[in-house]
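A.B. asks: This is the structure alone, sequence omitted:
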């Protein structure tokens, strides 16, 4: 029997219509059905993979306890070919919930980058796995339709599965800083061509229905998807950022402004010391914008052998006609339709839909409108408009909208990463400037 301590790959299989056929005319636990049947070539495929990976079942079957699932597998001759079973009744959640996949990863003791899920359901299996950083193979025996991306491959016959998995495994180098071993780190730096993404969020209130870490989750997801399209090392979540305006609500972490800048500067220096000379800050918190412009200018204070780039991929996507057309609300910006949609796509189990309000709480109060209309800015402006940290209406949000927005944003960031890799001017101009600044002359 394979184990996660012996090999580095794990393959999760959906059950119904992936490994065993579902007969719609039967109800109740599959083990009690008059007839059970393995899907074509399921057994031979599992045997072919047995020496390469830990093989496990991951099912939403609501009628079967784990012991009953094992008994049904035994009837089909598949029980000795699988190492583990993860089911809704055991875990307490179902796919595509992030909580389901988190529980599976915790039990396996491996990071998401080492796992591939195989299933026939595009949403519960493929999209659910992808949202948690798990690659997926869509098993589609019914049509010729295919899905292909850095996170998804398609097979129409289970005999083609080992080849699809091999392609995934050939591409495999974890790109999250915290998931890399020290031995693999230089390989990741080379694959990333010296580019590191720093996902910036914050810890603050997002109305009544979204988690405090909303911006952190969104930044992480955008970076994950972008790095799958254009390889880059992804730094651990950086959430100690500017959010003083939310300190009147529980859960906010708003540290001293000078400490924020020093921590971020030190993080960039450590990233560069490890060989990643192009540091890309990917911001998902609107309140960080002015601070990051200043931080970018701070890079000219003293010579350095690396460059800091500030990326705002959301800005270009906001004007994308296809993305604009999907929104139903006119006022948005904080825990509204777009952010709620993104969290529904990335971490659906954290959205409290029952807490969504039907009143006008998300509309701006405009208590300082007279000053703002005259171009006068004060630090209390956000509190003046949105004291409960809600701008917009999250009720029309859907996971599908969020997935489209996250994909479009990741594609925009991937294009920026490619341009940054190709950029030879920034570091050259920095070096030229530092040399000139050390001995100012009239030119």
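C.D. replies: Looks like it came in fine. Because the structure is a prediction, the values reported are computed rather than measured.

A.B. asks: Show me how far the helix or strand of the chain with the lowest mean pLDDT is from its chain's centre.
C.D. replies: Least confident element among the helices and strands of the chain, by mean pLDDT, DSSP states H and E: helix 313-317 (a mean of 79). In terms of C-alpha atoms, centre = their mean, to the nearest Å, the centre of helix 313-317 is set 17 Å apart from its chain centre.

A.B. asks: Show me what it is in contact with.
C.D. replies: Residues outside helix 313-317 that contact it (C-beta atoms under 8 Å, 6 or more residues apart in numbering): 222, 226, 282, 284, 323, 405, 408-410, 412-413, 416. From N, CA and C alone the C-beta is placed, and that goes for glycine too.

A.B. asks: Go again with 10 Å.
C.D. replies: The contact list for helix 313-317, computed with C-beta atoms under 10 Å, 6 or more residues apart in numbering, reads 218, 222-223, 226, 282-284, 286, 289, 323-324, 338, 342, 404-417.

A.B. asks: Keep only those of these that are in strands.
C.D. replies: In this view, these that belong to strands under DSSP state E are 282-283.

A.B. asks: among the contacts of helix 313-317, which ones are buried?
C.D. replies: 218, 222-223, 226, 282-284, 286, 323, 338, 342, 404-414, 416-417 (16 or more other C-beta atoms under 10 Å).

A.B. asks: just checking, which of those belong to helices?
C.D. replies: 218, 222-223, 226, 323, 338, 342, 404-414, 416-417 (DSSP state H).

A.B. asks: mind listing what residue 180 touches?
C.D. replies: Residue 180 neighbours (C-beta under 10 Å, 6+ apart): 111, 113, 173-174, 186-189, 233-234.

A.B. asks: Could you list the low-pLDDT ranges of the stretch 101-250 of the chain?
C.D. replies: Residue ranges of the stretch 101-250 of the chain with pLDDT under 70: 171-174.

A.B. asks: for it, what spans make up the strands?
C.D. replies: 115-119, 135-139, 152-155, 195-200, 233-234 (DSSP state E, counting those that start in this stretch).

A.B. asks: Minimum distance to residue 319: which of the ones you listed has it?
C.D. replies: strand 195-200 (22.1 Å; C-beta to C-beta).

A.B. asks: Check which helices and strands that closest one is in contact with.
C.D. replies: Applying 3 or more C-beta pairs under 10 Å, 6 or more residues apart in numbering; DSSP states H and E, one finds that strand 195-200 contacts helix 185-191, helix 214-229, strand 233-234, helix 257-273, strand 278-283, strand 307-311, helix 399-422.

A.B. asks: mind redoing it with 8 Å?
C.D. replies: Contacts defined by 3 or more C-beta pairs under 8 Å, 6 or more residues apart in numbering; DSSP states H and E place strand 195-200 against helix 214-229, strand 233-234, helix 257-273, strand 278-283, helix 399-422.

A.B. asks: Make TSV from these and add distance to residue 436 to it.
C.D. replies: Converted to TSV, the helices and strands packed on strand 195-200 look like this (distance: least, C-beta to C-beta, whole Å):
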stretch	distance to residue 436
helix 214-229	35
strand 233-234	32
helix 257-273	22
strand 278-283	22
helix 399-422	24
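
A.B. asks: nearest to residue 347, of those?
C.D. replies: helix 214-229 (5.3 Å).

A.B. asks: Just want the angle from that closest one to strand 135-139.
C.D. replies: Angle between the axes of helix 214-229 and strand 135-139 is 70 degrees (criterion: axes from the mean of the first three to the mean of the last three C-alpha atoms, to 10 degrees).

A.B. asks: Dump the strands of the stretch 101-250 of the chain to a markdown table, plus mean neighbour count.
C.D. replies: A markdown table is the format used below for the strands of the stretch 101-250 of the chain (neighbours: other C-beta atoms under 10 Å):
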| stretch | mean neighbour count |
| --- | --- |
| strand 115-119 | 26 |
| strand 135-139 | 25 |
| strand 152-155 | 20 |
| strand 195-200 | 27 |
| strand 233-234 | 26 |
